[in-house]
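**Student:** One predicted model, sequence on top.
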Amino acid sequence: MTEKLTGKLVKDVMRRGVITCYTGTPLREVARIMIQSNIREVVVIDDRAQVCGVISDHLLVRKAYGKDLDKTVAEDILLPYTVTISPEAPLSEAIDLMQKKRIRNVVIVSDEWEKRPVGILSCTDIVREMAALEELIPPSYYRFM
Amino acid sequence: MAETTVGDIMHKGVIACKPDTPLQEVVRIVADTDVHAIVVVDSQGEVRGIISHFDLIKCYGTDLQNRKAQDIMTPEVVDIAPTVPVSEAVQLMVEHDIHRLLVTEMTPTGKRPVGVLSTTDVVKDMRGARWVWYMG
């Protein structure tokens, strides 16, 4: 780690506001949410707004391609949620975690309310942060795109 | 109805860099163009590898100026022809556990990349045409 990168926390880089669906949402709706919001992972929550799992585009293609998307719901294919990190953790810890588990997105859960999603950290966010650190583009330019 | 082919739903055009492009430049291109992977092409136009976001985050916190694209690229690139049905492409993606396929066309001078088929493109196809889900 070079000196200029120390001190960045997950909460500084993560995307706030998680795009979610319910466990009973049909997969066609999940696909629509994914495309319309331009994201690669939808967080699945139950009726108490606690994280149950995630559905990534790769998972959707692998499990549901060629099936009836209106009859299958999110619960049937979701990847149970196991990987967690706090918003106060250092960014380097999140990167290590992503590499160790070979995942592209980490859901950030709040410290205060158990299992409530507060943000999502993806490879894209980290790459943008890397570009911003090279001082070629201001980070604010991307944050609001 | 004829089956959808890779050429119908792929992302046309490829964003590429050279094997000796500094990583600083690679990161800038990837962030600027909002692509999820960049193809590494040598001066003869031959595909050498691919760099995804996942490869790039390994370099977080290192000196990007002195490292080159070829140091971190994944040299194995799975490619597919644009005339192949999408179902076959999906099978290939699942088999290799990858998120994108490079779409290449055979030309007299060799294979030339023409586009990328990512899982996002497949999801877009699965969602169906707009009027189908508005009527629901």
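**Tutor:** Looks like it came in fine. Residues are numbered from 1 along each chain as shown, chains lettered A, B, ... in the order given.
**Student:** What are the neighbouring residues in contact with residue B:72?
**Tutor:** Contact analysis of residue B:72 by CB atoms under 8 Å, 6 or more residues apart in numbering or on different chains lists B:23, B:51, B:55, B:56, B:58, B:59. Glycine gets a C-beta too; all of them are placed from N, C-alpha and C.
**Student:** The fifth one: what secondary structure?
**Tutor:** By that I understand residue B:58. Following DSSP: H, G, I helix; E, B strand; the rest coil, the label given to residue B:58 is helix.
**Student:** Please name every helix or strand in contact with the helix or strand residue B:117 falls within.
**Tutor:** For residue B:117, the host element (DSSP states H and E) is strand B:110-118. Identification of packing neighbours for strand B:110-118 by 3 or more CB pairs under 8 Å, 6 or more residues apart in numbering or on different chains; DSSP states H and E yields helix B:6-9, strand B:11-12, strand B:37-41, strand B:79-80, strand B:100-107.
**Student:** change it to 6 Å
**Tutor:** With contacts defined as 3 or more CB pairs under 6 Å, 6 or more residues apart in numbering or on different chains; DSSP states H and E, the packing partners of strand B:110-118 are strand B:11-12, strand B:100-107.
**Student:** want to throw the ones you listed into JSON lines with distance to chain A?
**Tutor:** Output for these, formatted as JSON lines (distance: least, CB to the nearest CB, whole Å):
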{"stretch": "strand B:11-12", "distance to chain A": "13"}
{"stretch": "strand B:100-107", "distance to chain A": "10"}
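**Student:** now for these, which one comes closest to residue A:32?
**Tutor:** Closest approach to residue A:32 among the helices and strands packed on strand B:110-118 (CB to CB): strand B:11-12, 19.0 Å.
**Student:** what's next to the closest one, contact-wise?
**Tutor:** B:115, B:116, B:121 (CB atoms under 6 Å, 6 or more residues apart in numbering or on different chains).
**Student:** how about the residues of chain A near chain B?
**Tutor:** When proximity is defined by CB under 6 Å from any CB of the partner chain, chain A lies next to chain B at A:1, A:5, A:31-32, A:34-35, A:57-58, A:60-62, A:65, A:95, A:123-124, A:126-128, A:130-131, A:134, A:136.
**Student:** And stretch A:110-117, end to end?
**Tutor:** 6 Å (CA to CA, to the nearest Å).
**Student:** Please compute how far it lies from its chain's middle.
**Tutor:** With CA atoms, centre = their mean, to the nearest Å as the basis, stretch A:110-117 stands 15 Å off its chain's centre.
**Student:** Give me the buried positions along it.
**Tutor:** For stretch A:110-117, the buried set under the neighbour-count rule, 16 or more other CB atoms under 10 Å in any protein chain shown, comprises A:115, A:117.
**Student:** What are the boundaries of the strands in chain A?
**Tutor:** Listed in chain order, the strands of chain A (DSSP state E) span A:15-16, A:20-22, A:41-45, A:51-56, A:79-80, A:105-109, A:117-122.
**Student:** Serialize those strands to JSON lines and add fields for mean pLDDT.
**Tutor:** Below are these laid out as JSON lines (pLDDT from 0 to 100):
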{"stretch": "strand A:15-16", "mean pLDDT": "88"}
{"stretch": "strand A:20-22", "mean pLDDT": "93"}
{"stretch": "strand A:41-45", "mean pLDDT": "92"}
{"stretch": "strand A:51-56", "mean pLDDT": "90"}
{"stretch": "strand A:79-80", "mean pLDDT": "88"}
{"stretch": "strand A:105-109", "mean pLDDT": "88"}
{"stretch": "strand A:117-122", "mean pLDDT": "90"}
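**Student:** Out of the ones you listed, the one nearest residue B:96 is which?
**Tutor:** Residue B:96 lies closest to strand A:51-56 among these, at 16.0 Å (CB to CB).
**Student:** counting contacts, what elements does that closest one pack onto?
**Tutor:** Taking 3+ CB pairs under 6 Å, 6+ apart as contact, the helices and strands that strand A:51-56 lies on are strand A:41-45, strand A:79-80.
**Student:** And the first one, what does it pack against?
**Tutor:** Spelled out, it's strand A:41-45. For strand A:41-45, the packing partners by 3+ CB pairs under 6 Å, 6+ apart come out as strand A:20-22, helix A:27-36, strand A:51-56.
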